[in-house]
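**Student:** Dropping the sequence and predicted coords here.
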Amino acid sequence: MLFGIDRFLTEPKLRAALQGKRVALLAHPASVTADLTHSLDALAALDDICLSAAFGPQHGIKGDKQDNMMESPDFLDPQYQIPVFSLYGEVRRPTAAMLDTFDVLLVDLQDLGCRIYTFITTLAYVLEAAAQTGKAVWVLDRPNPAGRPVEGLSLRRGWESFVGVAPMPMRHGMTMGELGLWFINELKLDVDYQVITMHGWQPGLGAGFGWPLGERTWINPSPNAPNLWMARCYAGTVMLEGTTLSEGRGTTRPLELFGAPDINPKALLKLMHELAPEWLAGCRLRECWFEPTFHKHVGKLCAGVQIHVEDSSYQHQRFKPWRLQALAFKALRLLQADYPLWRDFPYEYELDKLAIDVINGSPLLREWVDDPVAAIADLEGLAEVDERAWLEQRQPYLLY
């Protein structure tokens, strides 16, 4: 199959409209061609493209920043002598000076298919800025490695943040190019927007179910996104960032496992299976132990659970990572009513809200976990309404 960048490079007619235009690129380490050439280098090698600037999202264009709220600076590219602007530094929206450096912005970002992954927020911010200034935005489309399934509560109005730019479920099931179309409608933008579509993307086809497994190399789009299995789990395990439980940062399998020094994974798994076995389908769960080398519980032996979605037992349509992780929180609360589960700290520049609520786009999940009489059916009902609505809402914008 061909990603957007591959078609852009090999089909000159796709570039014809850029003749005489100044072109900028928004990219990160996973912005590579089929032969693993970085998109910036590939574009710079084209005789018919005037490359005038580059932009990096959260974690930087080089992907070197490890964690939330670790900002990247602007710099001058030493090879191409063009400015490289950070959209996760002093600003998160492009400034007038940044916008003055280009006519057309090419966006080539590998997403993970989750509302909280900030690259889609950066896309929305770029579209808003382009609409205000008459700039054009082209998305060089890439696969959604989590595929088409939809899951989770939708963000509620008033809960918008850098990890939740608009009302969609946690797992949205769209590509960056498709999301751009939806953002334009949702945010009521008048902007020159194009998508260079992929050729041959088959999100319903196993074993990749969204990622061309065995055909394209996986490159971390951010430091803790090391493989396809993490991408599958992420719509659930990202919620761990708002808790005192380790999400596996500081291990070699971040966001595929969770744990802490003071939990009992055997009892936790037993209760999870008793409460909602259907929420644990499509994967295998295993007790595990790990010692983070940095981040939460650094240097302490943690007992926990690893979510396995990498072998033939994986069932793409049945796997529900958001429900699975929500169930783990609920079971822990029932087993240890006073467990200090929710982590109170500044999260993505939100200083007066609990991180778990910012992540979920409302307090609804936390309130369900903390309510001792709230039933599994209560959260299931809320989620099903939001998921059905989103499936209908996104339909006009699907390109594949």
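**Tutor:** Cool, got the structure.

**Student:** Just the mean pLDDT for the helix ranked longest in the chain, thanks.
**Tutor:** The longest helix of the chain (DSSP state H) is helix 376-394. Helix 376-394 comes out with an average pLDDT of 98.

**Student:** Residues in contact with it: which ones?
**Tutor:** Residues from elsewhere that reach helix 376-394, judged by Cβ atoms under 8 Å, 6 or more residues apart in numbering: 150-154, 168-169, 172-174, 178, 182, 275-276, 279, 322-323, 326-327, 330, 364-365, 368. Placement of C-beta: from N, CA and C, glycine included.

**Student:** and if you look at stretch 285-299?
**Tutor:** Contacts of stretch 285-299 (Cβ under 8 Å, 6+ apart): 67, 244-251, 253, 257, 259-261, 265-266, 269, 272, 300-308.

**Student:** among those, which are in strands?
**Tutor:** Leu257, Gly259, Ala260, Cys302, Ala303, Gly304, Val305, Gln306, Ile307, His308 (DSSP state E).

**Student:** so what's the fifth one bridging to?
**Tutor:** Using DSSP bridges, the beta-bridge partners of Ala303 come out as Ala260, Trp289.

**Student:** OK, contacts around it?
**Tutor:** Ala303 touches Gly259, Ala260, Pro261, Ile263, Asn264, Pro265, Glu287, Cys288, Trp289, counting by Cβ under 8 Å, 6+ apart.

**Student:** Kindly provide the distance from it to Val163.
**Tutor:** Relative to Val163, Ala303 is positioned 28 Å away (Cβ to Cβ, to the nearest Å).

**Student:** one step back: just the buried subset of the ones in strands among the contacts of stretch 285-299, written out for ChimeraX, thanks.
**Tutor:** For the buried members of the ones in strands among the contacts of stretch 285-299, the matching ChimeraX selection, counting by 16 or more other Cβ atoms under 10 Å, is:
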select :257,259,260,302,303,304,305,306,307
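
**Student:** For the ones in strands among the contacts of stretch 285-299, give me JSON lines that also has distance to Thr101.
**Tutor:** Converted to JSON lines, those look like this (distance: Cβ to Cβ, whole Å):
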{"residue": "Leu257", "distance to Thr101": "42"}
{"residue": "Gly259", "distance to Thr101": "46"}
{"residue": "Ala260", "distance to Thr101": "47"}
{"residue": "Cys302", "distance to Thr101": "46"}
{"residue": "Ala303", "distance to Thr101": "51"}
{"residue": "Gly304", "distance to Thr101": "46"}
{"residue": "Val305", "distance to Thr101": "47"}
{"residue": "Gln306", "distance to Thr101": "45"}
{"residue": "Ile307", "distance to Thr101": "43"}
{"residue": "His308", "distance to Thr101": "46"}
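
**Student:** So of the ones in strands among the contacts of stretch 285-299, which two are at opposite extremes in space?
**Tutor:** Ala260 and His308 (19.9 Å; Cβ to Cβ).

**Student:** show me where this structure has strands.
**Tutor:** Using DSSP E, the strands found in the chain span residues 22-27, 50-56, 75-76, 83-86, 104-108, 136-140, 192-196, 257-260, 284-290, 302-308.

**Student:** Isn't Leu354 up against Phe345?
**Tutor:** No: using Cβ atoms under 8 Å, Leu354 is not in contact with Phe345; the gap is 9.3 Å.

**Student:** which of these two has more neighbours?
**Tutor:** Leu354 (17 against 12; other Cβ atoms under 10 Å).

**Student:** Might you report the residue contacts of the more buried one?
**Tutor:** Gly242, Trp342, Asp344, Pro363, Arg366.

**Student:** now do 10 Å
**Tutor:** Gly242, Trp342, Arg343, Asp344, Phe345, Tyr347, Asn360, Pro363, Arg366 (Cβ atoms under 10 Å, 6 or more residues apart in numbering).

**Student:** same deal with Asp108?
**Tutor:** 3-5, 8, 25-28, 30-33, 38-40, 42-43, 138-142, 176, 196.

**Student:** if you look at the residues you listed, which of them are in helices?
**Tutor:** Gly4, Ile5, Phe8, Ser39, Leu40, Ala42, Leu43, Met176.

**Student:** what number of residues lie near Ala45?
**Tutor:** 11.

**Student:** which residues touch it?
**Tutor:** Leu9, Thr37, Leu51.

**Student:** Looking at those residues, which is nearest Thr217?
**Tutor:** Nearest to Thr217 among those, with distances taken as Cβ to Cβ, is Thr37, at 11.8 Å.

**Student:** Just name the shakiest helix or strand of the protein by mean pLDDT.
**Tutor:** strand 75-76 (a mean of 94; mean pLDDT, DSSP states H and E).

**Student:** ok, back up a step: now the two most distant members of the contacts of Ala303.
**Tutor:** Among the contacts of Ala303, Pro261 and Glu287 lie farthest apart (Cβ to Cβ), at 14.4 Å.

**Student:** all helices for the stretch 151-300 of the chain, in order.
**Tutor:** Using DSSP state H, counting those that start in this stretch, the helices of the stretch 151-300 of the chain run over 176-186, 228-237, 265-275.
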